[in-house]
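1. my questions concern the predicted model and sequence given below.
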Amino acid sequence: MIAALAALALAGQTVFIASDSTAQTYRQDRYPQSGWGQVLQCGLDGVAVDNRAIGGRSTRTFVSEGRWDKLIADVKAGDTVLIQFGHNDANRNRPARYAPAATDYRHHLTRFVADVKAKGATPVILTPVARRSFYEGRAQADFAEYSSVARVVARETDTPLIDLEALSRTWLTEAGEERAKAYFLHYDAGEVAAFPKGIEDDTHFSELGARHVADLIADALARLELPVSDAVRKDRPALARETPLGSWECR
């Protein structure tokens, strides 16, 4: 009876994702490159995931290109909006993207939160996911300043926070520097069709990496005790895989 009532309450709800290439949905010809947003649905029941994440975007360009306005126009009361930026905001070499943490990034995050709440929906701020960046055996916080500001904005606006930087650093540290290669794009020449010359990319995820990050996020959502928390599957085998499936199916 309780489960049925929870399912009824969740009916019609959507989880939106505003983010960058780490969460993006990729075409099959880009496999194994994967974003956590395209597999998050595997950890949820009874809600839809609408992934608006797109590569190369910062909070600044997500606004300037009109992407935020389009997203917020589709948000309705009861929905959830996951907001994760920082990787491109920190890129001083791309002035169009660059958003200083203490000013522009903070301003845009604060605006995103206010806009979502004004629609009667729930914003959730995520700190930037960690890269495969190790020092003395521990995964590092490459975007520490942005994570710090995200935590401050969450606290000051009374907004739920998923400290994805901390969660993913712990996960990667436990995996170890060498094993963590399986979670990112590390392939030899000729190994995968998408990267015929090979690739060594410590930012973007493989299928397994995206699944594991989505699992971290699903687990954190369950612990936040939000309306969407009831949609999180208790068992998430599709997100706990240790061998790639070759697709983004939920199995």
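-> It's in. Numbers count the residues shown, from 1 in each chain.

2. check contacts around residue 32.
-> By CB atoms under 8 Å, 6 or more residues apart in numbering, the residues touching residue 32 are 185, 187, 192, 194, 206, 207, 244. All C-beta atoms are positioned from the backbone trio N, CA, C, and that covers glycine.

3. let's see that with 10 Å instead.
-> Taking CB atoms under 10 Å, 6 or more residues apart in numbering, we find residue 32 in contact with 26, 184-185, 187, 191-195, 199, 204-210, 244, 246-248.

4. and it, how close does it get to residue 183?
-> 11 Å (CB to CB, to the nearest Å).

5. list residues touching both of those two?
-> 205, 206, 207, 208, 209, 210.

6. per-residue confidence for the fourth one?
-> The pLDDT attached to residue 208 in the predicted structure is 99.

7. what strand or helix carries it?
-> Taking DSSP states H and E as the criterion, residue 208 maps to helix 207-224.

8. so where do the helices sit in the stretch 101-250 of the chain?
-> 106-118, 144-156, 164-175, 207-224 (DSSP state H, counting those that start in this stretch).

9. residues touching the residue lying closest to residue 105 once chain neighbours are set aside, list them.
-> In space, and not counting its chain neighbours, residue 105 is closest to residue 99: 4.4 Å by CB to CB, 6 or more residues apart in numbering. Residue 99 makes contact with 58-63, 85-86, 88-91, 105-109, 146, according to CB under 10 Å, 6+ apart.

10. how far away is residue 99 from residue 145?
-> 11 Å.

11. where are the low-confidence patches of the stretch 151-251 of the chain?
-> The model of the stretch 151-251 of the chain has no residue with pLDDT under 70.

12. follow-up on the earlier one: now do the same for the residue nearest to residue 105: helix, strand or coil?
-> Classification of residue 99 by DSSP: H, G, I helix; E, B strand; the rest coil places it in coil.

13. go on, residue 17?
-> Residue 17 - assigned by three-state DSSP - is strand.

14. quick check: bridge partners of it?
-> Beta bridges link residue 17 to residue 51, residue 82, judged by DSSP bridges.

15. use 835 as the first number for this chain going forward.
-> Okay, using 835 as the starting number, the last item reads as residue 851.

16. now the strands for the protein?
-> Secondary structure of the chain, counting by DSSP state E: strands at 848-852, 882-885, 914-918, 956-960, 968-969, 972-973, 995-996, 1018-1021, 1033-1039.

17. take these and lay them out in JSON lines including mean neighbour count and distance to residue 905.
-> Listed next are the strands of the chain as JSON lines, based on neighbours: other CB atoms under 10 Å; distance: least, CB to CB, whole Å:
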{"stretch": "strand 848-852", "mean neighbour count": "23", "distance to residue 905": "6"}
{"stretch": "strand 882-885", "mean neighbour count": "17", "distance to residue 905": "8"}
{"stretch": "strand 914-918", "mean neighbour count": "26", "distance to residue 905": "7"}
{"stretch": "strand 956-960", "mean neighbour count": "25", "distance to residue 905": "11"}
{"stretch": "strand 968-969", "mean neighbour count": "12", "distance to residue 905": "34"}
{"stretch": "strand 972-973", "mean neighbour count": "18", "distance to residue 905": "30"}
{"stretch": "strand 995-996", "mean neighbour count": "20", "distance to residue 905": "18"}
{"stretch": "strand 1018-1021", "mean neighbour count": "20", "distance to residue 905": "27"}
{"stretch": "strand 1033-1039", "mean neighbour count": "18", "distance to residue 905": "22"}
